[in-house]
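1. this one's sequence-less:
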């Protein structure tokens, strides 16, 4: 196993631990926004898609890359928008204004 | 050098902003700002990537970005809150699709010089990715009612799934040592796609919260594996966060349903009612009330706890519910909402639906937070909830839901249950709460009944003011 893979495992495990610590403290109130938020964040795989789509290695890679860029962008744009839309609805206590 | 520094800097900053963004979700007041920062992190990482020297053409990239934005914008802005579970399910499919295709592209370009570690990561990426694509699509189809929400089972189903699982795993292990076998690589992907379909096929609509959470976790792990393949830390970190989040939510959901993971995945809950000495309800009678009687009870109640269930969401009655709560509060009463973890079709779904009806979030209480308060409640108003308020979970060992954590509605001084008919809930179990002498049943369409209740309570209020 190369040094790189070991370093990557370090990063993975540490991120998992941080994630566990942070996410167990998210109240059930916000579990739906949590899921849409993590979904948007993990669309960072767009970074890999961009390289595949733009590296001009061969036609197959480019086509797969473009589809992948599209799919990831859907989640980046849609994911952050919908998370914000939900979070906007959670009104501060005592401020449930009359309609 | 400067360029590498810029790229790596943008990734590091993005990683930090992602973690801070998720941390902001622990506080409803800070959440919006935190998520905006996370979005900024995403933008930084994208810009950082675009200056990567490997990228030589931008026309294709631009096409993908524009198309993705055109599809993503309406999915973010116009999907109704009731459709959130299927919306999230389909986005897990998109996420998994992106990760899987990057994996296939990497394999196609480098299959002959992949090391064992890389091939293992690539295998994980496409396996998790492919099964999430089809699994999430199935979850979407069931939630969107493109197909039946009932579990679909057949003889030898578990045996078939287990064989397919181990078969796929065997190919994976073989590929680590023989990465050049392209045919087997694609067979492995096909098997994973098939496995995803078969995995979700026998899982019923009521179990979807677990499936969605699990798919959330798998999509994250697929992204993380992508990071290992292309040697990118921000992907590893973001994927690990997503993986951890989905995993935690699946455990919370399983616990709330008193089921193990394995039981959800292989149990086909609700497919056949379990034959057992189920408590008979013969000889017990149900007391039904009129809207007028129920409204008198509510108009003079000091403490009301509302228990909303999925039936309320289906009836789209949350706005009428809020009108009723406003009236009770104007009469000097206090209204709280008791939210069971599996009240909706995904974790936290009910909270979003009530927040959408402008109900302040401090009134939305988790099960553990509110269960002791039922004893002090003058009225517990149950709307479209059934299994989560069934006392059999506490005291009937023969019941299939025995041991499931429930809301202590039966401790309230009086109970009004709004229900369409006496049909049993998802689990197909009789609910002895409905036969409790303290319980009054208000039959009819949830939304229509609420509208009438609002009108009646308003009348009473005006009559009282005139007197």
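-> It's in. Small disclaimer: the values here were computed from a predicted structure and weren't measured.
2. I'd guess residue B:337 is in a strand, am I close?
-> Yes: assessed by DSSP: H, G, I helix; E, B strand; the rest coil, residue B:337 belongs to a strand.
3. list the contacts of the nearest residue to residue B:450 once chain neighbours are set aside.
-> Counting by CB to CB, 6 or more residues apart in numbering or on different chains, residue B:450 lies nearest to residue B:320, which is 3.8 Å off, once chain neighbours are set aside. Every residue, glycine included, has its C-beta placed from N, CA and C. Taking CB atoms under 8 Å, 6 or more residues apart in numbering or on different chains, we find residue B:320 in contact with B:447, B:450-451, B:454.
4. among those residues, the buried ones, what's the ChimeraX command?
-> Command for ChimeraX, covering only those of these found buried under the criterion 16 or more other CB atoms under 10 Å in any protein chain shown:
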select /B:447,450,451,454
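5. so where's the stretch 301-450 of chain B uncertain?
-> B:423-429 (pLDDT under 70).
6. the strands in it, which residues?
-> B:303-308, B:334-339, B:364-366, B:379-383, B:414-419, B:439-443 (DSSP state E, counting those that start in this stretch).
7. nearest to chain A, out of these?
-> Chain A lies closest to strand B:364-366 among those, at 5.1 Å (CB to the nearest CB).
8. distance between the closest one and the chain's centre?
-> 17 Å (CA atoms, centre = their mean, to the nearest Å).
9. that strand pairs with which strands?
-> Strand B:364-366 pairs in its sheet with strand B:334-339 (parallel), by DSSP bridges.
10. next one: the strand it pairs with to chain centre, how far?
-> Using CA atoms, centre = their mean, the offset of strand B:334-339 from its chain centre is 21 Å.
11. next: stretch B:30-45.
-> 23 Å.
12. residues making contact with it?
-> Here stretch B:30-45 makes contact (CB under 8 Å, 6+ apart) with A:30, A:33, A:37, A:40-41, A:43-44, A:47, A:76, A:80, A:83-84, A:87-88, A:90, B:10-11, B:13-18, B:20-25, B:234.
13. now do 6 Å
-> A:37, A:47, A:76, A:80, A:83, A:87, B:10-11, B:13-14, B:17-18, B:21, B:24-25, B:234 (CB atoms under 6 Å, 6 or more residues apart in numbering or on different chains).
14. among those, name the buried ones.
-> A:37, A:47, A:76, A:80, A:83, A:87, B:10-11, B:13-14, B:17-18, B:21, B:24-25, B:234.
15. out of those residues, list just those in helices.
-> Counting by DSSP state H, the members of those that fall within helices are A:37, A:47, A:76, A:80, A:83, A:87, B:10-11, B:13-14, B:17-18, B:21, B:24, B:234.
16. and which of those is nearest residue B:222?
-> residue A:47 (14.1 Å; CB to CB).
17. my guess is the closest one contacts residue B:49, does it?
-> Yes: under the criterion of CB atoms under 6 Å, residue A:47 makes contact with residue B:49 at 4.7 Å.
18. show me the shaky parts of chain A.
-> Residues of chain A that meet the cut-off, pLDDT under 70, sit at A:1-2, A:93-99.
19. going along the chain, name the helices of it.
-> Using DSSP H, helices in chain A cover A:3-23, A:31-42, A:46-54, A:59-89.
20. output those as JSON lines; include the columns distance to residue B:205.
-> Shown next, in JSON lines, are the helices of chain A (distance: least, CB to CB, whole Å):
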{"stretch": "helix A:3-23", "distance to residue B:205": "26"}
{"stretch": "helix A:31-42", "distance to residue B:205": "17"}
{"stretch": "helix A:46-54", "distance to residue B:205": "32"}
{"stretch": "helix A:59-89", "distance to residue B:205": "22"}
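21. distance to chain B added to those, as CSV?
-> CSV is the format used below for the helices of chain A (distance: least, CB to the nearest CB, whole Å):
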stretch, distance to chain B
helix A:3-23, 3
helix A:31-42, 3
helix A:46-54, 4
helix A:59-89, 2
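22. which residue is the nearest non-sequential neighbour of residue 24?
-> All of this is about chain A. residue B:248 (6.1 Å).
23. hmm, I had chain B in mind actually
-> residue B:34 (2.2 Å).
24. what's the burial count for that neighbour?
-> 21 (other CB atoms under 10 Å in any protein chain shown).
25. what does residue B:53 give?
-> Going by other CB under 10 Å, the residues that sit close to residue B:53 add up to 9.
26. now the residue nearest in space to the middle of chain A: how far from residue B:407?
-> For chain A, the residue sitting closest to the mean C-alpha position, by CA atoms, centre = their mean, is residue A:41 at 1.6 Å. To residue B:407, residue A:41 is 33 Å away according to CB to CB, to the nearest Å.
27. could you do residue B:368 as well?
-> According to CB to CB, residue B:368 and residue B:407 sit 10 Å apart.
28. neighbour count for those two, which is higher?
-> residue B:407 (26 against 10).
29. ok, the more buried one - contacts?
-> When contacts are counted by CB under 6 Å, 6+ apart, residue B:407 touches B:307, B:338, B:340, B:367, B:388-389.
30. ok so, going back, going by distance to residue A:68, which of the buried ones among the contacts of stretch B:30-45 wins?
-> residue A:47 (10.8 Å).
31. can stretch B:120-127 be found next to chain A?
-> No: residues of stretch B:120-127 contacting chain A under CB under 6 Å from any CB of the partner chain: none, with a closest distance of 7.8 Å.
32. tell me the residue of the stretch 251-400 of chain B that sits nearest chain A?
-> Counting by CB to the nearest CB, the stretch 251-400 of chain B gets nearest chain A through residue B:348, at 3.0 Å.
33. need the nearest residue in space to that residue, chain neighbours excluded.
-> Sequence neighbours aside, residue A:31 is the residue nearest to residue B:348 in space, at 3.0 Å (criterion: CB to CB, 6+ apart).
34. any idea how far residue B:243 is from that neighbour?
-> 16 Å.
35. residue contacts, the residue lying closest to residue A:75 once chain neighbours are set aside?
-> Spatially, and ignoring its direct neighbours in sequence, residue A:75 is nearest to residue A:43 (3.6 Å; CB to CB, 6+ apart). When contacts are counted by CB under 6 Å, 6+ apart, residue A:43 touches A:72, A:75-76, B:95.
36. who in the stretch 51-200 of chain B is up against chain A?
-> Going by CB under 6 Å from any CB, the residues of the stretch 51-200 of chain B near chain A are B:54-57, B:60-61, B:64-65, B:67-69, B:71-73, B:75-77, B:88, B:91, B:94-95, B:97-99, B:101-102, B:104-105, B:108-109, B:117.
37. skipping adjacent residues, who's closest to the residue nearest to the spatial centre of chain B in space?
-> For chain B, the residue nearest the mean C-alpha position is residue B:346 (1.8 Å; CA atoms, centre = their mean). Spatial nearest neighbour of residue B:346, excluding adjacent residues (CB to CB, 6+ apart): residue B:85 at 4.2 Å.
38. correct me, but that neighbour touches residue B:348?
-> No: in this structure, residue B:85 is not within contact of residue B:348 by CB under 6 Å, at 10.6 Å.
39. more neighbours: which of the two?
-> Taking other CB under 10 Å, residue B:85 and residue B:348 do not tie; residue B:348 has more neighbours (29 against 25).
40. does the residue nearest to the centre of chain A touch residue B:240 like I think?
-> No: the pair residue A:41 / residue B:240 is not scored as a contact, 10.7 Å apart, by CB under 6 Å.
41. just give the number of residues close to residue A:89.
-> Residue A:89 - counted by other CB under 10 Å - has 18 other residues nearby.
42. in space, what's closest to residue B:181 - neighbours in sequence excluded?
-> Using CB to CB, 6+ apart, the nearest residue to residue B:181 is residue B:175, at 6.4 Å.
43. domains in chain B, as residue ranges please.
-> Domain assignment for chain B by automatic domain parsing gives B:79-267, B:291-466.
44. deepest in the core, which of those is it.
-> domain B:79-267 (a mean of 22; mean count of other CB atoms under 10 Å in any protein chain shown).
45. for it, the distance to its chain's centre please.
-> 16 Å.
46. quick one: mean pLDDT for it?
-> Computed over domain B:79-267, the mean pLDDT rounds to 91.
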